[in-house]
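Asker: coords please:
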Amino acid sequence: MIDTKIMGIVNVTPDSFYSESRTYSIDKAIERALKLVQDGADILDIGGESTRPDAEIVSLEEELLRVIPVIKAVREMVKVPISIDTMKPEVAEAAIENGASIINDITGFGDLRMQSIAKESGALCIVMHMKGSPKTMQLNPLYERGVVTEVVEWLQERVADLIQAGIARKQIILDPGIGFGKTMQDNFELIKNSSLFKQAGFNLLYGVSRKSFLRRFLSKTTEELLCATLVVNTQLMIEGVSIIRVHDVAEHYDARSILNVTY
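Answerer: Reported below is the predicted structural model:
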C-alpha cells in the first residue's frame, strides 16, 4: 500500500519560480487551495515569501498580509491539514493561531523562538536542510565528505537539538532540502539515497517538483517538467517517502492511485 501524502503548494507570491503556482491575491490563493484539495491534496502548504535562489526578502507585515487571510478562509472551507511555509516565527505563530497545524521552515528550526512556538503549539515541524540562504545557497555549494553524509549528519544534530528543546519526536518531519544549496548531482544523490534518511525513524518529505536541477539535466523549461517530476516522485512513493510536495496534485494523485493497484 502506497500511503505517501500529497502536499499541494499554494504560493501567495508574485515571484515563485513556477509561474502557474503564483497566486498573488487572496481570492486566487483561496481558489487554488480549494482546487488542490478537489484534485486530491492531503495537505496544503501555504507560503507568502519565495525561497527560490536569489529571492528577495519579504517584510514581516507583507508576509502576514499575504498568508493569514488565506489560511483563515481555507481553514473554514476544508478539513485537510494546513502547513505554513515560512522562516519567520511571527508568521508561524499567527498561522498556527488561525488554523495551520504544520510549520515548514526551510532554515531547519535553528531559531529558538521558532522552536518554542513548535513546542508550545504541538505543531508538526518540517525540518529542512539548506546550505546558506536563498540569496547565497547556489553559489558553488560544496560537500567535502559527500552531500548525503553531511546532510544526514546535519539533520541528526538538528533533531537532537529540537528534542532537547522539548519538541516531541512525533512532531518532526525531515526534509533533505532538494535544490537548497545543492548541485544537480547532489540532488540526484539525495533522491537515490532516500532510504538512508528513512533509517532515522522520522517521517520524510521530499520537494522536487519542477525544480531547476531537472530543467538543467533535461534542457527543458520549468513548464515542461511535469513528466520528470512525476517519474522522480513515483520512485520516492515506492520507496516509502511520507510526503511529496508538489505543484501538480491531480497528476500525482493519479500516479499514487495506479501504484496502489499495480505495485
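
Asker: quick one: G8 is in a strand?
Answerer: Yes - secondary structure of G8, determined by DSSP: H, G, I helix; E, B strand; the rest coil: located in a strand.

Asker: count the neighbours of it for me.
Answerer: Counted by other Cβ atoms under 10 Å, the residues lying close to G8 total 29. Heads up, the C-betas are built off the backbone N, CA and C, glycines and all.

Asker: show me where pLDDT drops low in this protein?
Answerer: Within the chain, the segments meeting pLDDT under 70 span 15-24, 52-55, 132-140.

Asker: tell me where it has helices.
Answerer: For the chain, the helices defined by DSSP state H occupy 26-39, 60-77, 89-97, 112-121, 147-164, 184-192, 194-198, 212-218, 226-238, 249-262.

Asker: so which of these is the most surrounded?
Answerer: The highest average neighbour count among the helices of the chain, using mean count of other Cβ atoms under 10 Å, belongs to helix 89-97 at a mean of 22.

Asker: how far away from the center of its chain is it?
Answerer: Counting by Cα atoms, centre = their mean, to the nearest Å, helix 89-97 is centred 17 Å from the centre of its parent chain.

Asker: and the angle for it with helix 60-77?
Answerer: 10 degrees (axes from the mean of the first three to the mean of the last three Cα atoms, to 10 degrees).

Asker: what is helix 89-97 packed up against?
Answerer: Counting by 3 or more Cβ pairs under 8 Å, 6 or more residues apart in numbering; DSSP states H and E, the packing neighbours recorded for helix 89-97 are helix 60-77, strand 82-85, strand 102-105, helix 112-121.

Asker: can you give the contact residues for that helix?
Answerer: The set of residues that contact helix 89-97 without belonging to it, under Cβ atoms under 8 Å, 6 or more residues apart in numbering, is 46, 48, 60, 63-64, 67-68, 71, 82, 84, 86, 100, 103, 105, 111, 113-114, 116-118, 121, 123.

Asker: what count of nearby residues applies to the residue nearest to N260 when sequence neighbours are not counted?
Answerer: Leaving aside its chain neighbours, N260 sits nearest to I2 (5.2 Å; criterion: Cβ to Cβ, 6 or more residues apart in numbering). Summarising burial for I2: neighbours were counted as other Cβ under 10 Å, giving 17.

Asker: residues in contact with I2?
Answerer: With contacts defined as Cβ under 8 Å, 6+ apart, I2 is in contact with 237-238, 256, 259-260, 263.

Asker: export those residues as JSON lines, with columns for distance to D248.
Answerer: Converted to JSON lines, the contacts of I2 look like this (distance: Cβ to Cβ, whole Å):
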{"residue": "M237", "distance to D248": "14"}
{"residue": "I238", "distance to D248": "18"}
{"residue": "R256", "distance to D248": "12"}
{"residue": "L259", "distance to D248": "16"}
{"residue": "N260", "distance to D248": "18"}
{"residue": "Y263", "distance to D248": "20"}
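
Asker: closest one to E189 among the helices and strands packed on helix 89-97?
Answerer: Proximity of the helices and strands packed on helix 89-97 to E189 was assessed by Cβ to Cβ; the nearest stretch is strand 102-105, lying at 22.9 Å.

Asker: partners of that closest one, with directions?
Answerer: Partner strands for strand 102-105, per DSSP bridges, with pairing direction: strand 82-85 (parallel), strand 124-128 (parallel).

Asker: quick one: buried residues of the last one?
Answerer: Residues of strand 124-128 classed as buried: 124-128 (neighbour count, 16 or more other Cβ atoms under 10 Å).

Asker: could the strands paired with strand 102-105 go into JSON lines alongside distance to I30?
Answerer: Compiled in JSON lines, the strands paired with strand 102-105 are given as follows (distance: least, Cβ to Cβ, whole Å):
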{"stretch": "strand 82-85", "distance to I30": "12"}
{"stretch": "strand 124-128", "distance to I30": "23"}
